[in-house]
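Student: I'd like to go over a predicted model; first the sequence, then the structure.
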Amino acid sequence: SSYAATLLLEGLLSSGELSCKFISKDRYKRDVMQCLVDGLDIGSMMVQVGMSSDFKKYSGGYYYYEEQLAKSKKVGIWRGSVSDKL
């Protein structure tokens, strides 16, 4: 859920030193950045646990493998519906 993703992100952001690198601007003139906490890529962590997907339009597929891992483990947003588990 978006609430769980928010809690995870808040926990990551409060767990260490944050550093961000500017990547580009999106069509709404918002900054697209790659952010790390204590050297660990926040986007990578969020995608690996299924709390986010690889937004290829901006990442260029940078988190492809993390997304495939989350899909194969059926975690987070990749869990599927209840009927898929019956």
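Tutor: Structure received. Numbering: from 1, shown residues only.
Student: What's the end-to-end length of stretch 41-59?
Tutor: By C-alpha to C-alpha, to the nearest Å, the extent of stretch 41-59 from end to end equals 13 Å.
Student: wait, what's in contact with K74?
Tutor: Taking C-beta atoms under 8 Å, 6 or more residues apart in numbering, we find K74 in contact with G80. All C-beta spots, glycine's among them, are computed from the backbone N, C-alpha and C.
Student: any idea how far it lies from F55?
Tutor: Separation of K74 from F55 (C-beta to C-beta, to the nearest Å): 20 Å.
Student: looking at the protein, which helix or strand is least sure?
Tutor: The helix or strand of the chain with the poorest confidence is helix 56-59; it has a mean of 86 (mean pLDDT, DSSP states H and E).
Student: S44 versus L13, what's the distance?
Tutor: L13 is 15 Å from S44, by C-beta to C-beta.
Student: Contacts for the longest helix along the chain, please.
Tutor: Using DSSP state H, we find that the single longest helix of the chain is helix 2-13. Contact partners of helix 2-13, identified using C-beta under 8 Å, 6+ apart, comprise 37, 42, 45-46, 49, 51-52, 76.
Student: Perfect, that will be all.
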